[in-house]
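**Q** Got a sequence here, can you build the structure:
(2 chains)
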Amino acid sequence: MDLSPPRHHSPEYDSLLLAGPRLSPLKQAHARLIVAGHGHSLPLVTKLATLAVAAGAAPYAYLLAAAHPSCDSFMLSSLTRAAARRGLPGAAIAFYGRLLATALPFSSYAFTAVAKACADLSALRTGMAVHAHSILLGFGSDRFVQTALIVLYSKCSQLLVARRLFDAIRDRSVVAWNAMISGYEQNGLAERAIEVYREMQVAQVVPDSTTFVATLSACAQAGALDLGREVERRIVSGQMDVTVFLGSALVNMYARCGLVNKARNWFDRLQERNVVTWTSMIAGYGMHGHGHEAIKLFHLMRREGPTPNDVTFVAVLAACAHAGLVSEGRDAFDSMKVYELVPRAEHYCSMVDMYGRAGLLDDAMQFIRDSIPGEPGPEVWTAMLGACKMHKNFNLGVEVAERLIALEPENPSHRVLLSNIYALSGKMYHVEKVRNVMINRRLKKQIGYSLIELGGTAHLFRMGEKSHQQTREIYQYLEELIHRISDAGYVPETDSVLHDLEEEEREVALRYHSEKLAVAYGLMMSRGSTAPIRVIKNLRICGDCHLAIKFMSSVENREIIVRDKHRFHHFKDGKCSCLEYW
DNA sequence: GTAGGGTTAG
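**A** Numbers count the residues shown, from 1 in each chain, chains lettered A, B, ... in the order given. This is a model prediction of the structure:
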């Protein structure tokens, strides 16, 4: 129990607190201070200036600091911190600069704040100078500063530096662990994030809700359903308060791990839902091809939810594209201006993708011409090219591909798509030509891989993978499986061999594509079970694998769920939820 | 006469 006497502020201090972070009441309070003869009281001016920054009026605060004859270190570091917190990183750096220029003593507070400001700006050079300066002034082993620097380097994608700092901290706080987990997760290194989470358990550091939010995001990214469920259990059994952050993370994790209904259960149960929660759920439906559900939820959101933002529209348009809901998508796009949202490349891309997938190539081209201001970016042409390939419009495809290659000559995937189009139209001579250019220019294709999680361990397969312990059994099992599906009517789609150029490392061995290996391994290891097989692929699934897995789901009588680069495929009884639309 | 570092959606 707190036995200290209640604190009494002066009436002047109270009038500042009463004004709060609002500029015009603050200015009035300032005037009263001057009239009452307190215009030079440093604590009062400090409080006033800090509140002014919190109100967004950094220049006003800067003048107050510069005009004060005995402005001190406390005032300037408070202002640095207030600006960093308010999301005014430029102002934070300016206050830090003022501190430098006045040669006042530094505190660790100024460093944590300015490090955050540099992180927000991804300003690596400035951040490195701040780091060096902090060491110089003896704050090199301050735990708060170290943690803030981990965040800085993570935001600048310098994970090795971040990790070195992390490893150097003695007695790491839960915040330092969280920063490291989130650093990996934000940089697409979900597996590393999960490793850090596990190390944290070994180190017996008690996780908090931020740990779980960051770890659930890593699970969502990696498709690590088992760990995601474990985290959920800890949240529930620990009777943790499911904040809007945790709730959104749970919705996102379940949606991206393939359990869209579980995601919806959490969504419905949450006490608080914000625009992120709603957007996650809509995006979840979109990924699973449930376009109508996505649209329904979007309409509900417009009626009784938070105001949709630009990301919401990315999710809605992608959902429409993946479900063939052209008029719904067009309406949604048109309604963006109601919310004063300006479409970005992603929105344009989804629109082109939507028309293109639906086979409306002319509408797609017309949209590019009439609705996109300025020169369309490469993403837009890539979507257009994908549509040409899907609907076998070779002439337009070649034209678009050439435009794209001129725009981005070093990007291998454009050439791969072009060669695919030549291959599909039977122009093998052109295929060779494109391939040779790629070899000469040393343009490497992206390597495809598939992941399957069994008993909490992730197994990674690349095409023709032979490094797995059970390689022989897996290949044998896959051979038998291919025989059985062939008996059931499966004929390899040789067109897809040419996908190899894009999706996998070599062009033969269609039968050993990574997703086939992963699915075969999953089936082999869970014979007798009825649980669905879940596989995650980093690229798009190819046509032949799609066909083969449909047959596998029926001959093995198992549900097989594949998450590819863009969406989910739920295979059951020889059919796929995507209805050949992906 | 005071204040810190970490978190969610495409």
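
**Q** Let me see the contact set for A:L396.
**A** Contact analysis of A:L396 by CB atoms under 8 Å, 6 or more residues apart in numbering lists A:L361, A:M365, A:C388. To be clear about C-beta, it is placed using only N, CA and C from the backbone, and glycine gets the same treatment.

**Q** Highest neighbour count among the residues you listed?
**A** A:C388 (23 neighbours; other CB atoms under 10 Å).

**Q** Secondary structure element holding the residue nearest to it when sequence neighbours are not counted?
**A** Among residues not flanking A:C388 along the chain, A:G397 sits closest, at 3.3 Å (CB to CB, 6 or more residues apart in numbering). Assigned by DSSP states H and E, A:G397 belongs to helix A:394-407.

**Q** Show me the shaky parts of chain A.
**A** Chain A contains residues with pLDDT under 70 at A:1-8, A:494-510.

**Q** what's the single longest helix in it?
**A** Under DSSP state H, the helix in chain A containing the largest number of residues is helix A:471-487.

**Q** hmm, back to that, neighbours of the residue nearest to A:C388, how many?
**A** Neighbour number of A:G397 under other CB under 10 Å is 26.

**Q** A:D573 too?
**A** Using other CB under 10 Å, A:D573 has 10 other residues around it.

**Q** A:R534 belongs to a strand?
**A** Yes. Under DSSP: H, G, I helix; E, B strand; the rest coil, A:R534 falls within a strand.

**Q** need the contact list for it.
**A** A:G223, A:L225, A:C257, A:G258, A:I452, A:E453, A:G522, A:I561, A:V562, A:R563.

**Q** quick one on the thing from earlier: what's the closest of the contacts of A:L396 to A:Q201?
**A** Among the contacts of A:L396, A:C388 lies closest to A:Q201 (CB to CB), at 49.9 Å.

**Q** element containing the closest one?
**A** Going by DSSP H and E, A:C388 is in helix A:378-390.

**Q** So what's the gap between that helix and the chain middle?
**A** How far helix A:378-390 lies from its chain's middle: 23 Å, per CA atoms, centre = their mean, to the nearest Å.

**Q** what angle separates it from helix A:394-407?
**A** Using axes from the mean of the first three to the mean of the last three CA atoms, to 10 degrees, one finds that helix A:378-390 and helix A:394-407 are set 150 degrees apart in direction.

**Q** in helix A:378-390, what counts as buried?
**A** Using 16 or more other CB atoms under 10 Å as the test for burial, helix A:378-390 gives A:P378, A:E379, A:V380, A:W381, A:T382, A:A383, A:M384, A:L385, A:G386, A:A387, A:C388, A:K389.

**Q** show me what contacts the last one?
**A** I take that to be A:K389. By CB under 8 Å, 6+ apart, the contact list for A:K389 reads A:G397, A:L417, A:N420, A:I421, A:L424.

**Q** Grab the nearest non-local neighbour of the residue in the stretch 51-200 of chain A positioned nearest to DNA strand B.
**A** Going by CB to the nearest atom of the strand, DNA strand B is nearest to A:S108 of the stretch 51-200 of chain A, at 2.7 Å. Spatial nearest neighbour of A:S108, chain neighbours left out: A:D142 (4.6 Å); criterion: CB to CB, 6+ apart.

**Q** same thing with A:M525?
**A** A:L454 (5.6 Å).

**Q** Spit out the contact partners of the one you found.
**A** Per CB under 8 Å, 6+ apart, neighbours of A:L454: A:Y521, A:G522, A:M525, A:S526.

**Q** which SSE is the first one in?
**A** Think A:Y521. Using DSSP H and E, A:Y521 maps to helix A:514-525.

**Q** Tell me how many other residues crowd A:Y197.
**A** 24.

**Q** Ok, the one 5 residues further on next?
**A** A:V202 has 7 neighbouring residues, counting by other CB under 10 Å.

**Q** List the residues that contact it.
**A** For A:V202, no residue meets the contact criterion (CB under 8 Å, 6+ apart).

**Q** Check A:H570 too.
**A** With contact set as CB under 8 Å, 6+ apart, A:H570 has these partners: A:G258, A:H288, A:E559, A:I560, A:I561, A:C576, A:S577.

**Q** between these, which is nearest DNA strand B?
**A** For the contacts of A:H570, the nearest to DNA strand B is A:H288 (11.9 Å; CB to the nearest atom of the strand).

**Q** need the residues of the stretch 51-200 of chain A near DNA strand B, please.
**A** By CB under 7 Å from any atom of the strand, the part of the stretch 51-200 of chain A that sits against DNA strand B consists of A:72, A:74, A:77-78, A:81, A:84-85, A:107-109, A:111-113, A:116, A:119, A:142-145, A:147-148, A:151, A:173-176, A:178-179, A:182, A:185-186.

**Q** so A:T112 makes contact with A:R143?
**A** No. Counting by CB atoms under 8 Å, A:T112 stays clear of A:R143, with 10.0 Å between them.

**Q** which residues does the residue nearest the centre of chain A contact?
**A** Nearest to the mean C-alpha position of chain A, by CA atoms, centre = their mean, lies A:Q186 at 6.7 Å. For A:Q186, the contact set (CB under 8 Å, 6+ apart) comprises A:S154, A:K155.

**Q** try A:A401
**A** A:A401 neighbours (CB under 8 Å, 6+ apart): A:L385, A:H414, A:R415, A:L417, A:L418, A:I421.

**Q** care to break chain A down by domain?
**A** As given by automatic domain parsing, the domain ranges for chain A are A:172-273, A:449-576.

**Q** and the longest one with DNA strand B, contact?
**A** No. Judged by CB under 7 Å from any atom of the strand, domain A:449-576 stays clear of DNA strand B, getting no closer than 8.6 Å.

**Q** what about that domain, start to end distance?
**A** One end of domain A:449-576 sits 21 Å from the other (CA to CA, to the nearest Å).

**Q** where does whichever residue of the stretch 301-450 of chain A sits closest to DNA strand B land in three-state SS?
**A** Across the stretch 301-450 of chain A, no residue is closer to DNA strand B than A:V311, which sits at 3.7 Å (CB to the nearest atom of the strand). At A:V311 the chain is in helix, as set by three-state DSSP.

**Q** Was I right to think it contacts A:T279?
**A** Yes. Contact criterion CB under 8 Å: A:V311 and A:T279 qualify, at 5.4 Å.

**Q** More neighbours: which of the two?
**A** Applying other CB under 10 Å to A:V311 and A:T279 shows that A:T279 carries more neighbours, namely 26 against 16.

**Q** list the contacts for the residue in the stretch 451-582 of chain A that DNA strand B sits nearest to?
**A** Nearest to DNA strand B in the stretch 451-582 of chain A, going by CB to the nearest atom of the strand, is A:H566, at a distance of 8.6 Å. With contact set as CB under 8 Å, 6+ apart, A:H566 has these partners: A:M287, A:H322, A:R540, A:W582.
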